[in-house]
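Asker: Model the structure of this input:
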Amino acid sequence: MKKSLLSLLLVLALSLSLCAFAETPVTDRAGNPVTLPADPQKVVCLNSAACQTLETLGLLDRLVAVDTYSPMYVSGLDSLPQFDMMNPDIEQIAGLEPDLVIITGMSGISGDNSQMLLARWERDVRALDPQWVSICIGINDVWRQFDSPAIKEQTISPEEYRENVRKMILTEKPHVKGIFLMTPYYMEPNASDFMRARMDEYGAIVKRLAKEYSLPCIDLQPVFSEYLANRHSAYLMWDRVHPGPIGSMLIAGKILKEFGFDKNITE
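Answerer: The predicted structure is shown next:
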């Protein structure tokens, strides 16, 4: 069996164990036929969540390389080769002769606003035929108004933003079990800050759309405002936009709490 670089296999890490697989033909996201190995011994994992799952399953000894983030969350990985999960060196990975490579199919594009996301919605969301969809967009719609005000084509007005998100909702609503919305956020506790005030305006649009279509809405701004009540905003990230590990945990904790899990992760 040829050793392959597979791009769809986070599912593998969520199964009972790697060795529980029989050799199985599947189709990846691009429609290409691939075959899952029956008992992979040499695994490259470029996803920190999957590495944590492999740790839980007691399968870290199978790893021969990981992404640069995984050693932050899973102990004992520092000595392994590490790759940028967004731009891995395929030749070096192939040189490790892995039986299996686990990565996630990421559709996020850095800098995209709601207009850009809507333009690729059919390809990156609808084509996947999801059962549940979460929508959190709008930070760049606001940010570009402050860091690139002269580039008018990147300026998304509140009215256009509202209709962009509305179209996303209406596109998915007939096809999915559920949709939940999340507000855009700015990691700044001072509500009178100009960008924070503008972000709150776009967040209010999301909350109104959630009410209009009877959808759950997770308001992320109070999560950061509360956490930063006694901390400088640079404690999370200098640009007050990218959440980093701590901010990501705050977001994850809020989502889990909204869906019935109540665990304090802010300590």
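Asker: Residues touching the top helix by length along the chain, excluding its own?
Answerer: The longest helix of the chain (DSSP state H) is helix 194-212. With CB atoms under 8 Å, 6 or more residues apart in numbering as the test, helix 194-212 has contacts from 138-139, 141-143, 145-146, 158, 161-162, 165-166, 169, 181-186, 188, 190-191, 215-217, 219, 221, 240. C-betas here are computed from N, CA, C, even on glycine.
Asker: how about it: buried residues?
Answerer: Across helix 194-212, burial judged by 16 or more other CB atoms under 10 Å covers 195-196, 198-200, 202-203, 205-206, 209-210.
Asker: Could you do stretch 250-262 as well?
Answerer: Result for stretch 250-262 [16+ other CB under 10 Å]: buried residues 250-251, 253-255.
Asker: From the contacts of helix 194-212, which land in helices?
Answerer: Per DSSP H, those map to helices at 139, 141-143, 145-146, 158, 161-162, 165-166, 169, 221.
Asker: Which of those are buried? Put it as a PyMOL command.
Answerer: Per 16+ other CB under 10 Å, the buried members of the ones in helices among the contacts of helix 194-212 correspond to this PyMOL selection:
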select buried, resi 139+141+142+143+145+161+162+165+169+221
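Asker: which one of the ones in helices among the contacts of helix 194-212 is nearest residue 131?
Answerer: Checking those against residue 131 by CB to CB gives residue 169 as the nearest, at 15.7 Å.
Asker: any idea where the helices of the stretch 1-150 of the chain begin and end?
Answerer: Applying DSSP state H, counting those that start in this stretch to the stretch 1-150 of the chain gives helices spanning 10-13, 48-56, 70-73, 90-95, 114-119, 121-124, 139-147.
Asker: Can you report how many residues lie near the closest residue to residue 136 other than its chain neighbours?
Answerer: Excluding its sequence neighbours, the residue lying closest to residue 136 (CB to CB, 6 or more residues apart in numbering) is residue 182, at 3.8 Å. Using other CB atoms under 10 Å, the number of residues around residue 182 comes to 22.
Asker: cool, residue 26 as well?
Answerer: Residue 26 has 14 neighbouring residues, counting by other CB under 10 Å.
Asker: Run a quick check on it versus residue 37, I expect a contact.
Answerer: No: Residue 26 is not in contact with residue 37 according to CB atoms under 8 Å; the separation is 11.6 Å.
Asker: what residues do the two have in common as contacts?
Answerer: By CB under 8 Å, 6+ apart, no residue touches both residue 26 and residue 37.
Asker: Convert stretch 128-145 to CSV, retaining C-alpha atoms only.
Answerer: Included here for stretch 128-145 are C-alpha records, laid out as CSV according to Å, rounded to 0.1, in the frame of the first residue of the first chain:
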residue,chain,number,x,y,z
LEU,A,128,-19.9,20.3,2.5
ASP,A,129,-23.6,19.7,3.2
PRO,A,130,-23.1,20.4,7.0
GLN,A,131,-25.7,19.5,9.6
TRP,A,132,-24.8,22.4,11.9
VAL,A,133,-23.4,25.8,11.0
SER,A,134,-21.9,28.5,13.2
ILE,A,135,-21.3,32.0,11.8
CYS,A,136,-18.9,34.4,13.3
ILE,A,137,-17.8,37.1,10.8
GLY,A,138,-17.5,40.8,10.9
ILE,A,139,-14.2,41.6,12.6
ASN,A,140,-12.5,42.4,9.4
ASP,A,141,-15.5,44.3,8.1
VAL,A,142,-14.9,46.8,11.0
TRP,A,143,-11.1,46.5,11.2
ARG,A,144,-10.6,47.6,7.5
GLN,A,145,-12.4,50.8,8.3
